[in-house]
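Provided below are the primary sequence and the corresponding predicted coordinates.
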Amino acid sequence: MTALSKYDRLEATGLWRNTPDAQKREVVVSIGDATLVISDLNDRAVTHWSLAAIERSADMDGRAVFYPDGDPGETLEFAPTEAEIIDAIDTLRQAVARARPRPGRLRWLGAAVSVSIVVAVAVIWLPGALIDHAMRVVPPVKEAEIGAALLVRIERVSGTRCRSTEARSALSELAKRTGATRVVIVPGGVREALTLPGGTVLLNRTLVEDYEEPDVAAGYALVEQVRSASHPPLRSLLEHGGVRASATLLTTGAVPASVLDNFTTAQLSRFAPTLPPDDVLPAFAAAELRSTPYARARDISGEQTLALIEADPMAGKPSEPIMPDRDWLQLQAICEN
C-alpha cells in the first residue's frame, strides 16, 4: 500500500525505544511509501514500520503509543500535540484493516454455501431418492399389508366391504380379466374406483348394481390397472406422506398411522384424473374388453368419451364373456347380504 497523498509530507516528533529496557529517544517520524519512517534528529533512518502491521496500545498519560504487530516491546509515543500524525496513523491502520482478507467472513460464507447445498439436496433430491429406494426394496407382502391397513381405514367411512359366498367366483373372474390382484366392492366412500398398494381394486357398489353388464365394472378396474402402472399407489402414498413416511417405512417396515389416515381422507375426497384414450385403449385391446360400456358409464351422451367409443378395440368382434350371467347376478346382489 502507498501512503495516502494527503499524508506524504507529514512529519512529527516522538519518543522511540526498540526494547522495553532501552532509553527512549527523540525521533522524527514521517509517513513514507507503505512504511512509517523513524529517523534520528540527524535525519538518519533508524527503522521502518510497515503501515500494514502497526498496532496501537492503551495511551499512557495522554500520549498515543504504537508498536509493530508482534513486538509490543518496541514502542513509539506521540504527545497529544501531535494529533495530526496520530490521526493519520489511525486512518491508515483502519484503511489497511478494511483491505485485509476476512478469513472468518470467508469461512462463514463457505459454511452458508455448504448449508444451502445440504438444504437444497434435502428438499429437492432426498424425498425423491427415498421414495425411489423404498419402491425398489419394499417386498410385495409388505405392500399388501399397507393396502390392507388402508382398506380398514376406508371401511370406517365407506362401511364394511360387501361379501357374499355366491359372489366370490364373480369377483375372481373380474380380477382375472382385468389383471387386478383382487376386486373388492364397497358400499360407499370410494367415488368410483380406487387401487390400493398391493393391487386390490375397490369398486363402488353402483358400478355393479346400476348397469346391466359387467363390462362397466371391468372397465373401471382395468383403467385403475393402467393408472397404477404409470403411478403406483404406494408411490402416491409416500409422496403424500413426505420424507418421514419413506424414512419410517425403510427403517421400521411400517408407514406412520397418521400418514395412512391423512392419505385415506385425501383419496376418498377426490375423483381420479381422467386418463388419455391412447393410454387406456391398448389395455382394453389386450384384455379383449369393450371400451364402449365404460365410456357410456362415464358420459351417457358419449360426447366427452367419443374417442373410447369410436376406437373400441372390440367393436364388431366377438369377445369372451367376462363371467356367466348367473355369476353376474350374484355380484349385483353382493351388497344386499
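In hand now; what should we look at? The model shown is predicted, which means the values in this text are computed figures rather than measured ones.

can you list the domains in this structure?
Recorded structural domains for the chain (assignment: automatic domain parsing) are 5-99, 102-137, 139-336.

What are the boundaries of the helices in the stretch 101-250 of the chain?
In chain order, the stretch 101-250 of the chain shows helices spanning 103-120, 126-137, 140-158, 168-178, 206-209, 215-230, 233-252, with DSSP state H, counting those that start in this stretch as the criterion.

Going by neighbour count, list what's buried in the host helix or strand of Pro282.
Following DSSP states H and E, one finds Pro282 within helix 277-287. By neighbour count, and taking 16 or more other CB atoms under 10 Å as the criterion, the buried residues in helix 277-287 are Pro277, Val280, Leu281, Ala283, Phe284, Ala287. Bear in mind the C-beta positions are built from the backbone N, C-alpha and C, glycine included.

Determine the set of other helices and strands touching it.
Applying 3 or more CB pairs under 8 Å, 6 or more residues apart in numbering; DSSP states H and E, we find helix 277-287 packed against helix 215-230, helix 306-310.

between the buried residues of helix 277-287, which is nearest Glu239?
Nearest to Glu239 out of the buried residues of helix 277-287 is Val280 (CB to CB; 22.8 Å).

The closest residue to Pro232 other than its chain neighbours and Pro197, how far apart?
Sequence neighbours aside, Met135 is the residue nearest to Pro232 in space, at 6.9 Å (criterion: CB to CB, 6 or more residues apart in numbering). With distances defined as CB to CB, to the nearest Å, the gap from Met135 to Pro197 amounts to 11 Å.

Check Thr248 too.
Counting by CB to CB - Thr248 and Pro197 are separated by 15 Å.

who has more neighbours, those two?
With neighbours defined as other CB atoms under 10 Å, Thr248 and Pro197 compare such that Pro197 has more, 25 against 15.

Pretty sure that one sits against His240.
No. Using CB atoms under 8 Å, Pro197 makes no contact with His240, being 12.0 Å away.

where does the stretch 51-200 of the chain have low pLDDT?
Regions of the stretch 51-200 of the chain meeting the criterion pLDDT under 70 cover residues 97, 99-126.

Could you dump the helices and strands packed on helix 277-287 into CSV with mean neighbour count added?
Conversion of the helices and strands packed on helix 277-287 to CSV gives the following (neighbours: other CB atoms under 10 Å):
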stretch, mean neighbour count
helix 215-230, 22
helix 306-310, 17
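
Format these as a markdown table; extra columns: distance to Leu260.
Below are those laid out as a markdown table (distance: least, CB to CB, whole Å):
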| stretch | distance to Leu260 |
| --- | --- |
| helix 215-230 | 18 |
| helix 306-310 | 34 |
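
wait, which of the ones you listed is closest to Arg98?
With CB to CB as the measure, helix 215-230 is the member of those nearest Arg98 (60.6 Å).

now that closest one, how far from the centre of its chain.
In terms of CA atoms, centre = their mean, to the nearest Å, the centre of helix 215-230 is set 31 Å apart from its chain centre.

i'd like the first residue to be 873 from this point on
OK, 873 is where the count begins now, so the last one is helix 1087-1102.

pLDDT (mean, whole number) over that helix?
Here the mean pLDDT over helix 1087-1102 is 96, rounded to a whole number.

other SSEs contacting that helix?
Helices and strands in packing contact with helix 1087-1102 are listed as helix 1040-1050, strand 1065-1067, strand 1072-1076, helix 1078-1081, helix 1149-1159, helix 1164-1170; criterion 3+ CB pairs under 8 Å, 6+ apart.

how about those in JSON lines, adding distance to Met1195?
Listed next are those as JSON lines, based on distance: least, CB to CB, whole Å:
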{"stretch": "helix 1040-1050", "distance to Met1195": "4"}
{"stretch": "strand 1065-1067", "distance to Met1195": "18"}
{"stretch": "strand 1072-1076", "distance to Met1195": "14"}
{"stretch": "helix 1078-1081", "distance to Met1195": "11"}
{"stretch": "helix 1149-1159", "distance to Met1195": "13"}
{"stretch": "helix 1164-1170", "distance to Met1195": "14"}
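
closest one to Leu1201 among these?
With distances scored as CB to CB, the stretch of the helices and strands packed on helix 1087-1102 nearest to Leu1201 is helix 1040-1050 (8.8 Å).
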